[in-house]
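In: Quick one, structure for this:
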Amino acid sequence: MPDEAIFGLVGVLLGSLTTSILTIYKERLTTRHEAALRDLQYERERKSARDAFQRDSIQTLQSAVSELIKSVYAELDRVLAITRESGKWPVRQWETPTAVGWSAAVLLLESSRARVFDDELRSLAAELRTVAGDCIWAKNLEEAKERSKRLEPLQIQFNEAAAELLPSLY
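Out: The predicted model follows:
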């Protein structure tokens, strides 16, 4: 009988030990799995927030580019009207009033450009700003015509780059 009791005790101890080890192992696996799932969820949420931020920033930059070009065309129209009346191109001076909407458009362009991560879009926006400024500061009608020819193709290139990038952010 004592042998049976010893075998019974050993069986209970081995069973308890095996159950404990398997329970600990299962808990560790479960904890690792849950941590991996939390990390994955965090990365998804982070990517989603980043993509939403980029979509908004790119759309704001597109609006800024449109406002900038609108301002340039309005200023060129104003200067052309003066040229028709006077027969002379009014050379822009530092004292010349700022083109209507120009300052707001440039400020919006620069602030939204800083938020866009894509180097190509940022570079195209900067080039558009430079070309737009060159149009406004043209010294004569021919120079204004020549410089303004670059605006629309550059805007089309900018919008195509944005259109190519935006779908990947949805």
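
In: switch to C-alpha atoms for all contacts and neighbour counts from now on
Out: Noted.

In: Point out where this protein drops to low pLDDT.
Out: Within the chain, the ranges that satisfy pLDDT under 70 run 1.

In: what about the helices in it?
Out: 2-86, 102-113, 119-136, 141-148, 151-165 (DSSP state H).

In: Tell me which of the ones you listed lies nearest to Gln93.
Out: Proximity to Gln93 (C-alpha to C-alpha) singles out helix 119-136 among those, at 10.7 Å.

In: any idea how far Gly101 is from Leu141?
Out: Going from Leu141 to Gly101 by C-alpha to C-alpha, to the nearest Å gives 22 Å.

In: before we move on, back to that, looking at the helices of the chain, which is nearest to Glu95?
Out: Nearest of these to Glu95, taken as C-alpha to C-alpha: helix 119-136 at 13.7 Å.

In: contacting residues around Trp102?
Out: Listed by C-alpha atoms under 8 Å, 6 or more residues apart in numbering, the contact partners of Trp102 are 68, 71-72.

In: of the helices of the chain, which approaches Arg92 most closely?
Out: Nearest of the helices of the chain to Arg92, taken as C-alpha to C-alpha: helix 119-136 at 7.8 Å.

In: Using neighbour counts, pick out the buried residues of that closest one.
Out: Neighbour-count burial for helix 119-136, counted by 16 or more other C-alpha atoms under 10 Å, picks out 121-122, 124-129, 131-136.

In: any idea of the angle that helix forms with helix 151-165?
Out: Helix 119-136 and helix 151-165 are oriented at 160 degrees to each other (axes from the mean of the first three to the mean of the last three C-alpha atoms, to 10 degrees).

In: Packing partners of helix 119-136?
Out: Counting contacts by 3 or more C-alpha pairs under 8 Å, 6 or more residues apart in numbering; DSSP states H and E, helix 119-136 is packed against helix 2-86, helix 102-113, helix 141-148, helix 151-165.

In: Please indicate which of those has the most neighbours on average?
Out: Of the helices and strands packed on helix 119-136, the one with the most neighbours on average (mean count of other C-alpha atoms under 10 Å) is helix 102-113, at a mean of 19.

In: what's the closest of the helices of the chain to Trp94?
Out: Nearest of the helices of the chain (C-alpha to C-alpha): helix 119-136, 11.9 Å.

In: who's in contact with that closest one?
Out: Helix 119-136 is contacted by residues 61, 65, 68-69, 72, 75-76, 92, 106, 109, 113-114, 116, 143-144, 147-148, 150-151, 154-155, 157-158, 161-162 when judged by C-alpha under 8 Å, 6+ apart.

In: try it again with 7 Å
Out: 65, 69, 72, 75-76, 113, 116, 144, 147-148, 151, 154, 158, 161-162 (C-alpha atoms under 7 Å, 6 or more residues apart in numbering).
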